[in-house]
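>>> structure, please.
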Amino acid sequence: MAEQRQNYKYESVAGQEGGDVEKYRVHDEEVQVTVMQQQKPSTSRTFQYIAACTANLAGFTCGITLGWTSPVLPKLETLQDNPLGAIVSADDSGWIGSLLPLGAALGPFLAGALSDKIGRKRTLLYGNLPFIVGLVLNIMATSVNYFLLSRFLCGIAVGLTFTVLPMYVGEIAEDEIRGALGTLLQLFTTLGLLFSFGVGPYTTFTTFNVACLVVPVVFLVTFFLFIPESPYFLLQAGNEDEAEAALMKLRSTTEVQDVKRELDDMKSSVADALANKSSFGDIFKNKGLTRAYILANGLLVFQQVSGINIVLFFAQSIFQDAGVALAPEICTIAIGTVQVVASGASSVLIDRSGKRFLLMLSALGMAVSQMVLAYFFHLKDDKGEDVTSLSWLPICCLVGYIITYCLGFGPIPWAVMGEMFPANVKSVASTATAATCWFFGFLITKYFGIVAALIGKSGSFGVFGVCCVVGFVFVYKFLPETSGKSLQEIQDILNGRSTTKDVEEEKN
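Numbering: from 1, shown residues only. Just a heads-up that it's a prediction; the model follows:
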């Protein structure tokens, strides 16, 4: 009968006898079926967005510190507005730029140790303190060592935040909006970058660093006072009543029955995780976990080898080297603005277009942008040609690069990391994955200058472009679509128990 209904239904009349009346014609006889509609819980998603945005103020602070070097290094390399009273060496500039990703490679290990012991919320709060200490050190600086320590501390905080924040947001979000909320990390990070790009060049060194302090302080107060802990962690800790209250607050409801089904699913997931608590080595004993680990690491490695940290840390210097007609700080602000707009677009598109499509579009766009930029520097540096008439080209290349990066490889790898791993290995797997990402970021940032001296900027940007092409192939061949899937459905896909098509058919 089910098949006959599907083939011969010709009318549906809503609102009769407590449900929808569907009419079918079977063997020339009319059949009416009353379909009772399940009442949806009276919940709202508004507070989920509020909670995710408040948590992502930590991501805003990450963006501030990631973009901090762009306006500050030019000041330290001259005597104007230089708090040290002496020009820093090229080697010191390299360490100031690279110590943040080095610290970020260590931060995830702190995150993994703390997030399961004291919770996602308190880990984010404690992880915000190194930002404050680092910015205070900048204000007090009398030697380059202050900056080196500051950058390392801020790096630890960045690594911790980028590990725990996707985990927290992934656990508080409903399946239908998890992808959109996951991209907020990229959006808020780009807002922080734009803050550094826009404020840093036009204020004194001290004023800029004082302004930077405002955001982490606001985060500490608002996140501590108003936002609940992850219900998943509360269930792991055995606090069922607190988990229920947190979920009700996140779903904007005062009725327990509105969250009962979701809470029961969480309990089941947590019970399985606690019964099958795994170590890092156990990841490679399970097909699905191994696949998840390879995919999450692969996406984040390709994110770094696309050259993003070079663009962000040294944007102003790149424009200076390219001889762009506009003031380098103006070009940098334009880049930051484009980042924000593109990141906002990603939040809207991710659940409509899917993660795979946006990642492939991102990889192709970045590859083209890097290749054209490599060609520009080939003409300028390698062949010594006059490129004055092409001074607009580096701006277009970096704008195109930033747009496509923010649409895909910027936000999506972190969102994928937050949903790929089940609860029993999420902390240890996320720790190792984030550490790998930032270690690659450190290597690229620290040694970019050396490599560029050997093969030139044209060769360096050409290598980044090739890496983007390989990233496209990686996504196309290996990454399944996870948009709109529950955490359990994602695990089924990774373990080969169900294909994406099968899952959709089961839903229908």
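>>> doesn't residue 58 make contact with residue 165?
Yes. Between residue 165 and residue 58 there is a contact under C-beta atoms under 8 Å: 6.1 Å. Any C-beta I mention is one placed from the backbone N, CA and C, and that applies to glycine too.
>>> what about the two, which has more around it?
Using other C-beta atoms under 10 Å, the more surrounded residue of residue 165 and residue 58 is residue 58, with 30 against 27.
>>> that one sits in which helix or strand?
Secondary-structure assignment from DSSP states H and E places residue 58 in helix 57-67.
>>> average pLDDT across that helix?
Mean per-residue pLDDT for helix 57-67: 95.
>>> which other helices and strands contact that helix?
Using 3 or more C-beta pairs under 8 Å, 6 or more residues apart in numbering; DSSP states H and E as the contact criterion, the secondary-structure elements in contact with helix 57-67 are helix 129-140, helix 144-172, helix 184-199, helix 205-226, helix 308-313.
>>> can you count the residues close to residue 134?
Residue 134: 28 surrounding residues under other C-beta under 10 Å.
>>> quick one: list the elements packing against the helix of greatest length in the chain.
Ordering each helix of the chain by length in residues (DSSP state H) puts helix 426-478 first. Applying 3+ C-beta pairs under 8 Å, 6+ apart, we find helix 426-478 packed against helix 90-115, helix 144-172, helix 287-305, helix 308-313, helix 355-377, helix 412-420.
>>> how does it look with 7 Å?
Where contact means 3 or more C-beta pairs under 7 Å, 6 or more residues apart in numbering; DSSP states H and E, helix 426-478 is packed against helix 90-115, helix 144-172, helix 287-305, helix 308-313, helix 355-377.
>>> against residue 248, how distant is residue 44?
When distances are taken as C-beta to C-beta, to the nearest Å, residue 44 and residue 248 turn out to be 11 Å apart.
>>> for these two, indicate the residue with more neighbours.
For residue 44 versus residue 248, neighbours defined as other C-beta under 10 Å are more numerous around residue 248 (20 against 12).
>>> check contacts around the nearest residue to the more buried one once chain neighbours are set aside.
For residue 248, ignoring the flanking residues on the chain, the nearest one in space by C-beta to C-beta, 6 or more residues apart in numbering is residue 259 at 5.5 Å. Under the criterion of C-beta atoms under 7 Å, 6 or more residues apart in numbering, the contact partners of residue 259 comprise 244, 247, 248, 251, 253.
>>> state the helix or strand in which the second one lies.
Which is residue 247. When secondary structure is defined by DSSP H and E, residue 247 falls within helix 240-250.
>>> so how far is stretch 179-198 from its chain's centroid?
The offset between the C-alpha centroid of stretch 179-198 and the centroid of the whole chain comes to 9 Å, using C-alpha atoms, centre = their mean, to the nearest Å.
>>> shared neighbours, residue 165 and residue 58?
Contact with both residue 165 and residue 58 is made by residues residue 124, according to C-beta under 7 Å, 6+ apart.
>>> returning to that earlier point: dump the contacts of residue 259 into a markdown table; add distance to residue 341 and pLDDT as well.
Supplementary listing: the contacts of residue 259 in a markdown table, determined by distance: C-beta to C-beta, whole Å; pLDDT from 0 to 100:
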| residue | distance to residue 341 | pLDDT |
| --- | --- | --- |
| 244 | 39 | 95 |
| 247 | 34 | 95 |
| 248 | 35 | 95 |
| 251 | 31 | 94 |
| 253 | 34 | 91 |
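>>> list just the nearest of those to residue 84.
Minimum separation from residue 84 among the contacts of residue 259 (C-beta to C-beta) is found for residue 247, which lies at 51.2 Å.
>>> go ahead and confirm that closest one touches residue 232.
No. Proximity of residue 247 to residue 232 does not meet the contact threshold set by C-beta atoms under 7 Å, at 9.6 Å.
>>> just name the closest of the contacts of residue 259 to residue 109, please.
The closest of the contacts of residue 259 to residue 109 turns out to be residue 247 (C-beta to C-beta; 29.6 Å).
>>> mind listing what the closest one touches?
Residue 247 makes contacts with 231, 259, 262, 263, as judged by C-beta under 7 Å, 6+ apart.
>>> among those residues, name the buried ones.
The neighbour-count test (16 or more other C-beta atoms under 10 Å) marks 231, 259, 262, 263 as buried among the contacts of residue 247.
>>> now, among these, which is nearest to residue 294?
Once C-beta to C-beta is applied, the member of the buried ones among the contacts of residue 247 that ends up nearest residue 294 is residue 231, at 29.3 Å.
>>> ok and the helix or strand harbouring residue 332 relative to helix 57-67, angle-wise?
Here residue 332 is covered by helix 328-353, with elements defined by DSSP H and E. Helix 328-353 and helix 57-67 are oriented at 140 degrees to each other (axes from the mean of the first three to the mean of the last three C-alpha atoms, to 10 degrees).
>>> list the buried residues in helix 328-353.
Taking 16+ other C-beta under 10 Å as the basis for neighbour counts, the residues of helix 328-353 that come out buried are 328-329, 331-340, 342-347, 349-351.
>>> tell me the buried residues in stretch 150-157?
Neighbour-count burial for stretch 150-157, with 16+ other C-beta under 10 Å as criterion, is recorded at 150, 151, 152, 153, 154, 155, 156, 157.
>>> where does this protein dip in pLDDT?
Low-confidence segments of the chain, defined by pLDDT under 70: 1-43, 312-317, 321-325, 498-508.
>>> which parts of it belong to which domain?
Using automatic domain parsing, the domain ranges for the chain come out as 2-36, 46-227+276-500.
>>> closest to residue 236 out of those domains?
Proximity of those to residue 236 was assessed by C-beta to C-beta; the nearest stretch is domain 46-227+276-500, lying at 7.2 Å.
>>> and stretch 259-276, which residues are buried?
For stretch 259-276, a neighbour-count test (16+ other C-beta under 10 Å) marks 259, 262, 263, 266, 269, 270, 273 as buried.
>>> wait, I meant stretch 229-239
By neighbour count with 16+ other C-beta under 10 Å, stretch 229-239 contains the buried residues 229, 230, 231, 232, 233, 234, 235, 236, 237, 239.
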